[in-house]
Every structure is written in C-alpha cells, then in structure tokens.
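Asks: Structure for the following, please:
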Amino acid sequence: MPKLTVDGIEVEVEAGATVLQACEEAGKEIPRFCYHERLSIAGNCRMCLVEMERAPKPVASCAMPAADGMVIKTDSPLVHKARNGVMEFLLINHPLDCPICDQGGECDLQDQAMAYGCGSSRYAEKKRAVKDKELGPIVKTVMTRCIHCTRCVRFSEEVAGVGTMGAVYRGEDTEVGPYIEASINSELSGNLIDLCPVGALTSKPYAFTARPWELKKTDSVDVMDAVGSNIRIDARTGEVLRVLPRTNEDINEEWISDKTRYAIDGLKRQRLDRPYVRVNGKLQPASWDEAFAAIKAKVSGLKGKQIAAIAGDTVDCESMTALKDLMDKFGSPNLDCRQDGSNIGGPRSSYIFNSTISGIDEADVCLVVGANVRAEAPIINSRLRKRWRTTAGDFKLGIIGEKWDPTFKNDYLGAGPDTLSEILEGKNEFAKLLKAAEKPMIIVGMGALNREDGDAVLAATRAIAEKFGMVSGEWNGFNVLHTAASRVGGLDLGFVPGEGGLATNDILDGAAKGDVKVVYLLGADEVDTSKLEKAFVIYQGAMGDAGAQAADVILPGAAYTEKNGTYVNTEGRAQQGWRAIFPVGDAREDWAIVRALSGALDMTLPYKNIDEVRARMVEISPTFASLNVPSKAEWTDFGKAGDMKPEGFVSPVRNFYMTDPISRASVTMAKCTEAFVKEAAAEKVA
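Replies: Residues are numbered from 1 along each chain as shown. Alright, predicted model coming up:
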C-alpha cells in the first residue's frame, strides 16, 4: 500500500488509488467536474489539478495513480493559479444565466466558480451556441451550458448500458448528446440529471418549479418496487415536488429508477380526500362516522369466514398489522397480502433475496428464472451489469423465461419449466457453469411463482440451488425477486390465510359465489374487481383506482409520502420512511383508520400510537426489531415437488412505467409509456 504526503500529512492508501482519493483521505477538498466515484476516469475538466514534487507542471489528480513517496500540494500558489486558469477556460462559452437557470442553487459550476474562480475573464469573444437535444419526456437539455465533462456519456454507457450518448465533432465544435436524434430509452435516465455538474441536463417535469432553498427535505423509502431504494422527498407548501436518491451502498448506491423519481406527480390526481358511501348505486360523500356506521351495519351478525381482507402492493407494515389484528377480532382467517395469487410463504429463506443486493458483487454466475429484472427492479439489474463490467465479462447470466435485454451479454436458455428441468438434470450447458462457479446464484421472479404450479417451480429452483452449491457456508445464493414493496413485510407479519382461510383467488371466487359477504381492500387495486359485485367492498387507500371504483365504502388513506411507515424490501431489510407532507383533505394514516374503525365496531385494538403498533410488529416478527439490517434466514425445505406446466414463464410487469395506482395516474409516466412502450410495440408489429 503506497504512502504519500499531502500538504505535510502522511497518508496510506490502497494500491490502485488515485492522488485525488489520497488527498480526500488526508481531508483535503479537491474540486472536480468530470470525476465521479462510480464512473470510469476521463480526466477531461482538469479542475482537480494539484502540484506534485519533481513534476514539471500541475497534474490531474483524478487520473494520476498514487505512488509511494509522492509529495502533493493542494493549496500552493501554483495550484491556485492553475485552477483559476481552468475555471476561466470553462467559462469562456458558458452562458451567464444563473438567475434563470433551473440548476441554480445546486450547480457545481456555480459553487466552484465562487470558490476557485478569479472573478473576471480576459476573453471578450462571442460565446458559442449549441442546439438543444431531444432526450425524451424526462431530461431537459440546454446544451450551451455543457462543459464536456462526459459524465452523462459514461453513465449511459457504463451504468445504464444503453450507449446512446457520446461526443461528436472536435475542438471548439465538440458537442455532447445522442449519436442520433433519439430519446434515452433507459429506466435509469433520470440519474443523468443528478450527475450533470452544470445546468445542461435538468429535470423536464420539475423545470422552473422551485429553488432548492425553498424545499423541505425528508428521508424516506421508495414503494414503486420491492428494492426499497433510499430516497429524499422534497416538498413545499404541502405538495411533493420531486424525489431524489439517497446514497445507500447496500441497496441502490446513489441511483434510483425513473418511476421512483417521476411517478410522484400521480399523487396530485385521482386522490381520495374524503370518505364515501354507496347509496342507491352511487358513491356519495360522507363523514367518517357515517362510513363507519355503514360498515358496522353490514358486518354485524356475520361470521368470521364471511369476511376477508386483501392488502395491496404499496401499503406499510403498520397498517397491515392493524388490519390483521382487526381480522383476528372478527375471527376471520381470510386474509392475504399476495394480490398476484402466488403461494409463496413458509420459511423466510423461501421468499427473500438471501444473498442481499450487495451480494451480487460477489457472485460469478447467475441464473434468472421467470423475471424481467430490468423492468421489475432496474436498480438490481444495474447491479448485475456492474458485476459483469467489474469481471471484464466473466460474470455469466442465464435467462429462463421471456426474452429481455439486461444491457449486457447473456445466455438465453429457454422459456419455461422444461429448461429448468434440463439444468436440474445437468443436460443444459449452463449447468456446467453453475457447477464450476464458486458463488453461483439464482433469481426467481414472480413470473415463475404466481402460477398454479408455483410450489413445484419453487421446489425445482430450491433443488437447483442445493445441487449446484448455491447454499454453502456463509453464502446463500437463492433469491426471490418481488415486485411489491409490501410483500415481504406482509409475509413476515403473517398476513396470509390462517387455518382453513382463503387466499386471494379463493376470496374473489367466494365473493362471486356469495359465500364471502364483506371484502376489505387495503390499497388493493390489482385484483379482479368484477368478482366483487355481490360482496360489500370496503376500500381503504389514497388513489381512486380500480379498488375504489368497486367499493361500497371508501376510507381515504395517506400516500407513502404522507405517513410514517415501515417497509421490508425484497432482501428482507426493514426500513422506515418519514412523512414529508400531511394527507390531503380528510385522509388519515392507514393504521389510525383501522384503529378508529375497530373502536366504532366495539372491537378496539390495544394501541394508541404508532410506537405501540411497531411494538406489536416486533411481537409478531423479530424482523422489525432491527432496522436497515437484512437478517439471515435459516435454510430449510420448502416448495412442493410435482409436475410443472409446459407454458413459459411470463413477467408480471408488462409496462415498467405503470405498475400501481400512483404511476398509472402520473402524467410523466403516461408520456414515458407513449414514448417508449407504445413505440417499442409499434416497432415489433412493423
């Protein structure tokens, strides 16, 4: 490990570290525009110049490997003069439009010009203008501001894997943009905005909406998929204006998907802001007391088995805990958190991402079964691509199911269970790769588990994991990829049918026959509501989607940005999100609604605040005793061996941009659907 001296401070860094990293290790701030920790080194901007003893001129610290015995100065007159000169060059063509630039207040160039600029310029020539590029509904461009740092180019090439961005022409005519006039078709394109150090790439939906100092910033957790990406919610005057990523190395690093970032405009539309009761076939506004009275009148005298509850994909664990306890008061075993009809459950190791998301960085072979990871969890797909790049292509990915493009080299093995059986029997070439691997892993998606033969598929994938050494010692490479933010939390809480209870499909069938009289939909909109016409439907949620349309009583709940809530991601990590704004109108936090309803039904639940609800969650499952830590699950038998149907596995996500009530109500997601999904479908037809 090389030792070097930075401004008189001796530091020791890992082999392969750069001088810039050594300077930061010594506590010195080095300005930069092109350098980014997660991207390859370009050495374009030269802002990171430092003085190195015995070097004839300042060196770019981002591109200079740290070596033993180096003596570095970061604050000498030569360094000051060099940085002043670089900043002067950068501003030759940069427009002075800070007052009207939508990056103002969080612009690296603006900050560093103040800190390292010389305050004046010797150049009086006309500034050049560059034509703006059309990058789609998400990214707005003002390319005259571009300083050619190429962060966007490297991100699209290395992380997103789409390779549409690049630099064209030469010298003072250089322009950065797509090689051809086309939108950036990537689920991660919004991250270009965070990476851009100037105002060349900004958020199109958020443009000219607010300045950063006007916003209240709240840490939270994303619920648009099951990854549990860490986010920051920025709000002003009771309105969520944008969502940004928070760095979490174990989950999303510092990226988030476009749906996570932009679906929030759906929160302004089709909101449920007051209770409703259906009178003479039409929903009429009502008070909370009237809504509770209508429910009490209907459930009075019913047996427990005539009442059922289904939890949706984005609900928090507190509300599921309260509803589960209320169903216990009714004596009903009919409850389910698996809207898709899957039969997962049982041992915890059978339904979580056991290797953890960061564990992908250790795997050398991966088999994906029944999942389109790019559409279901773009952040996990970017992690797979990162692993492929760090191994120089030695990381092998095999796909069973629908064909999809993971943005890197892969082996398509087949469409369904027949291929799964071939691998288990060692007849497929990919089986040899699994056998030779030190840390193989398998990712099983809902497309394989939400079928009638899901138990048999689960048993087959478990057998593959055991046969090819995916579970050995500290390594557990058996992973289930969920698509719903609430699924793992619901399974941990036991929000599944009790003894003799009905699962989702049976509840719907029972309601269609008239055996189930009352169905409580807790944010559940992905079920076949046509089967609920004979039942009395209570819908509790934030959005006026399918569930609300079928309801006889609507109880307006809070969206994920409007409440404190706990969510367990696909790897079994419990995380808490915090309220950014208050619920709209008469809407309330979901657990509080269930608690108030229990009082109106003379079945009062024993908790009065959210801390007591969380204490109850810990009683049910130790998962909730430790936050932000994925607890290891004991490996045991699960699944039920049997015949598997020959039909191929089909991913449940058909349109990445619209998977839940919030994203379906989003104007931005509708534009993305129009630009990317429908366009792709039209190309296939052609």
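
Asks: And the pLDDT at residue 64?
Replies: With respect to pLDDT, residue 64 has a value of 94.

Asks: Over to residue 681?
Replies: 61.

Asks: Could you do the one 4 residues further on as well?
Replies: At residue 685, the predicted lDDT confidence score is 48.

Asks: Likewise for residue 642?
Replies: 91.

Asks: quick one, phi psi at it?
Replies: phi 180, psi -180 (degrees, to the nearest 10).

Asks: Please apply the same query to residue 309.
Replies: Per degrees, to the nearest 10, the backbone of residue 309 is at phi -140, psi 140.

Asks: residue contacts, it?
Replies: 323, 324, 327, 332, 334, 335, 336, 519, 520, 521, 522 (C-beta atoms under 8 Å, 6 or more residues apart in numbering). Glycine gets a C-beta too; all of them are placed from N, C-alpha and C.

Asks: Can you report how many residues neighbour the second one?
Replies: So the one you mean is residue 324. Residue 324 has 23 neighbours, counted by other C-beta atoms under 10 Å.

Asks: Would you mind measuring from the closest residue in space to it that isn't next to it in sequence to residue 245?
Replies: Spatially, and ignoring its direct neighbours in sequence, residue 324 is nearest to residue 495 (5.4 Å; C-beta to C-beta, 6 or more residues apart in numbering). Separation of residue 495 from residue 245 (C-beta to C-beta, to the nearest Å): 29 Å.

Asks: Among those two, which residue is more densely surrounded?
Replies: Comparing residue 495 with residue 245 by neighbour count (other C-beta under 10 Å), the higher total belongs to residue 495, at 27 against 22.

Asks: In this structure that one contacts residue 335, no?
Replies: Yes: using C-beta atoms under 8 Å, residue 495 makes contact with residue 335 at a distance of 5.8 Å.

Asks: Mutual contacts of those two, please.
Replies: Joint contacts of residue 495 and residue 335 (C-beta under 8 Å, 6+ apart) are 311, 323, 324.

Asks: The residues you listed in strands, which ones?
Replies: Residues of the shared contacts of residue 495 and residue 335 located in strands (DSSP state E): residue 311.

Asks: Which one of the shared contacts of residue 495 and residue 335 is nearest to residue 669?
Replies: Closest approach between the shared contacts of residue 495 and residue 335 and residue 669, by C-beta to C-beta: residue 311, at 23.3 Å.

Asks: Was I right to think the closest one contacts residue 522?
Replies: Yes: using C-beta under 8 Å, residue 311 is in contact with residue 522, at 4.6 Å.

Asks: burial count for the closest residue to residue 421 other than its chain neighbours?
Replies: Using C-beta to C-beta, 6+ apart and skipping residues adjacent in sequence, the residue nearest residue 421 is residue 460, 7.0 Å away. Residues within reach of residue 460, counting by other C-beta under 10 Å, total 23.

Asks: Could you say which helix or strand holds residue 460?
Replies: According to DSSP states H and E, residue 460 maps onto helix 454-467.

Asks: Which elements pack onto that helix?
Replies: On a contact count with 3 or more C-beta pairs under 8 Å, 6 or more residues apart in numbering; DSSP states H and E, helix 454-467 meets strand 365-369, helix 417-424, strand 440-445, helix 446-449, strand 478-481.

Asks: I'd like these laid out as JSON lines, including mean neighbour count.
Replies: Listed next are those as JSON lines, based on neighbours: other C-beta atoms under 10 Å:
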{"stretch": "strand 365-369", "mean neighbour count": "27"}
{"stretch": "helix 417-424", "mean neighbour count": "20"}
{"stretch": "strand 440-445", "mean neighbour count": "27"}
{"stretch": "helix 446-449", "mean neighbour count": "29"}
{"stretch": "strand 478-481", "mean neighbour count": "26"}
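
Asks: Out of those, which is closest to residue 606?
Replies: Short answer: strand 478-481, nearest of these by C-beta to C-beta, at 33.3 Å.

Asks: neighbouring contacts of that closest one?
Replies: Under C-beta under 8 Å, 6+ apart, the answer for strand 478-481 is 226, 344, 349-355, 371, 373, 376-377, 380, 441-446, 449, 461-462, 465, 470-471, 570, 635.

Asks: quick revisit: so what sits against both of residue 311 and residue 522?
Replies: Looking at what touches both residue 311 and residue 522 (by C-beta under 8 Å, 6+ apart), the common residues are 319, 320, 323.

Asks: where does the second one land on pLDDT?
Replies: We have a pLDDT of 98 for residue 320.

Asks: For the residue nearest to residue 421, give its distance to residue 416.
Replies: For residue 460, the distance to residue 416 - C-beta to C-beta - is 11 Å.

Asks: Mind listing the shared neighbours of these two?
Replies: residue 644.

Asks: quick one: low-confidence ranges for the stretch 201-350 of the chain?
Replies: Of all residues in the stretch 201-350 of the chain, none has pLDDT under 70.

Asks: what are the ranges of the strands in it?
Replies: Applying DSSP state E, counting those that start in this stretch to the stretch 201-350 of the chain gives strands spanning 201-203, 216-221, 230-236, 239-245, 276-279, 282-285, 307-311, 335-336.

Asks: residues contacting the residue nearest to residue 324?
Replies: 311, 320, 323, 324, 335, 336, 337.

Asks: again, but for residue 327
Replies: 307, 309, 333, 334, 335, 520.

Asks: gap between stretch 568-582 and the chain center?
Replies: Stretch 568-582 sits 12 Å away from the centroid of its parent chain (C-alpha atoms, centre = their mean, to the nearest Å).

Asks: Pull out the buried residues from that stretch.
Replies: 568-577, 579-581 (16 or more other C-beta atoms under 10 Å).

Asks: Strands of the stretch 51-200 of the chain, residue ranges please.
Replies: Under DSSP E, counting those that start in this stretch, the stretch 51-200 of the chain gives strands at 59-60, 71-73, 139-141, 165-168, 175-178.

Asks: Just name the most buried of those strands.
Replies: strand 139-141 (a mean of 23; mean count of other C-beta atoms under 10 Å).

Asks: Can you add neighbour count and distance to residue 252 and give the shared contacts of residue 311 and residue 522 back as JSON lines?
Replies: As requested, these are exported to JSON lines (neighbours: other C-beta atoms under 10 Å; distance: C-beta to C-beta, whole Å):
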{"residue": "319", "neighbour count": "29", "distance to residue 252": "24"}
{"residue": "320", "neighbour count": "30", "distance to residue 252": "24"}
{"residue": "323", "neighbour count": "28", "distance to residue 252": "29"}
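
Asks: Let's have those in CSV, adding distance to residue 127.
Replies: Compiled in CSV, those are given as follows (distance: C-beta to C-beta, whole Å):
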residue, distance to residue 127
319, 56
320, 58
323, 61
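
Asks: Specify which member of these is nearest to residue 122.
Replies: residue 319 (63.7 Å).

Asks: ok, now which ones touch the closest residue to that closest one other than its chain neighbours?
Replies: Ranked by C-beta to C-beta, 6+ apart and with sequence neighbours excluded, the top spatial neighbour of residue 319 is residue 590, at 3.5 Å. Listed by C-beta under 8 Å, 6+ apart, the contact set of residue 590 reads 315, 316, 318, 319, 322, 522, 523, 540, 557, 558, 563.
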